[in-house]
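A.B. asks: Using only what follows, build the 3D model:
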Amino acid sequence: MKKTGMAKSDAKKLMGQMVAPGAGGFGNSGAVPVDRREQRKLDQAAGLVPFAVKLNSDLVLQLQTQAKERNVDLNQLVADLLTKSLAA
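C.D. replies: Numbers count the residues shown, from 1 in each chain. Just a heads-up that it's a prediction; the model follows:
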């Protein structure tokens, strides 16, 4: 292979790594993000079940604002609110 062909091949490999999932920390050494399949297994082990709901955009904005104010994940906030309202 010629030198230019090698350079093109190396560039394609590099671009592929940059586009790959979890490339947000490209070049940083740190914790490797968990892929979707592994995350699904972890969620199932924790007893979590995916539950899709369609909500009004104003309500979603309120939920996101409360989650930021409480410094919690949106999933955790919704679970807490549902638990409290169902217990009442």
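A.B. asks: I'd like the distance between residue 9 and residue 53.
C.D. replies: The spacing between residue 9 and residue 53, counted by CB to CB, to the nearest Å, is 47 Å. Any C-beta I mention is one placed from the backbone N, CA and C, and that applies to glycine too.
A.B. asks: who's more crowded, those two?
C.D. replies: residue 9 (11 against 6; other CB atoms under 10 Å).
A.B. asks: Next one: that one from residue 59, what distance?
C.D. replies: 51 Å.
A.B. asks: how many neighbours does residue 2 have?
C.D. replies: Considering only other CB under 10 Å, residue 2 is surrounded by 7 other residues.
A.B. asks: For it, which residues are in contact?
C.D. replies: Applying CB atoms under 8 Å, 6 or more residues apart in numbering to residue 2 gives no contacts.
A.B. asks: how far away is it from residue 44?
C.D. replies: For residue 2 relative to residue 44 (CB to CB), the value is 51 Å.
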